[in-house]
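# Build me a model:
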Amino acid sequence: MVRIDVTYEGGLRARAVHAPSGTTLITDAPVDNHGKGESFSPTDLVATAAASCLLTIMGIAADERGWSIEGATARVEKHMTAKPTRRIERLELVVRVPGSFGAEQRALLERAAQGCPVNETLRGKVEFDLRFEWPASAQG
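Below is the predicted model of the structure:
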């Protein structure tokens, strides 16, 4: 169990404090939903969680095997819909992994990413377009 304390500060801004670490983050409503868009929106954090979760799970799988994926990146684009209600409709994720990995290693890392807890939680509720890009030298 992890406690996160969130306080509404007015002006469509909230401050969240991660109790175990004391780390603070701010959310703002996006410009297209009455806000200033000066920070991540709550739905931006969902998209961020999906991308950072899959990289973390890939990192665990790699570490367990003595591989390094340091420098791997994930770009996520969040697409909203207003029908039937305002929500995240689709997340497009592109994962780039440096280094040289064989076909079996790539497949293992891709399977690990697809099973991350955030994506498992959202499965069936949000459409995922997940693509991996490996260096050309690793395609052999």
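
# Please look at Leu25 and Ser41 and confirm they touch.
No: look at Leu25 against Ser41 with CB atoms under 8 Å: they stay out of range, at 11.7 Å. In this view, the C-beta of every residue, glycine as well, is placed from N, C-alpha and C.

# The two: which is more packed in?
Ser41 (20 against 14; other CB atoms under 10 Å).

# residue contacts, the more buried one?
Applying CB atoms under 8 Å, 6 or more residues apart in numbering to Ser41 gives the contacts Thr27, Asp28, Ala29, Pro30, Asn33, Gly35.

# If you count contacts, what does the longest helix seen in the chain end up packed against?
Secondary structure of the chain per DSSP state H: the longest helix is helix 42-64. Identification of packing neighbours for helix 42-64 by 3 or more CB pairs under 8 Å, 6 or more residues apart in numbering; DSSP states H and E yields strand 24-28, strand 73-81, strand 87-96, helix 103-114, helix 117-122.

# from what I can see Glu133 touches Val95, true?
Yes: with contacts counted by CB under 8 Å, Glu133 reaches Val95, the gap being 7.0 Å.

# Any regions of the chain where pLDDT drops low?
For the chain, the stretches flagged by pLDDT under 70 are 137-140.

# buried ones in the longest helix of the chain?
Buried residues in helix 42-64, counting neighbours by 16 or more other CB atoms under 10 Å, are found at 43-44, 46-47, 49-51, 53-55, 57-59, 61-62.

# swap in stretch 117-130?
For stretch 117-130, by 16+ other CB under 10 Å, it's Val118, Asn119, Leu122, Val126, Leu130.

# contacting residues around it?
So stretch 117-130 is in contact with 46, 49-50, 53-54, 57, 88-93, 95, 113-114, going by CB under 8 Å, 6+ apart.

# can you rerun that using 7 Å?
Identification of contacts with stretch 117-130 by CB atoms under 7 Å, 6 or more residues apart in numbering yields Ala49, Ala50, Cys53, Leu54, Ile88, Glu89, Arg90, Leu91, Glu92, Leu93, Gln114.
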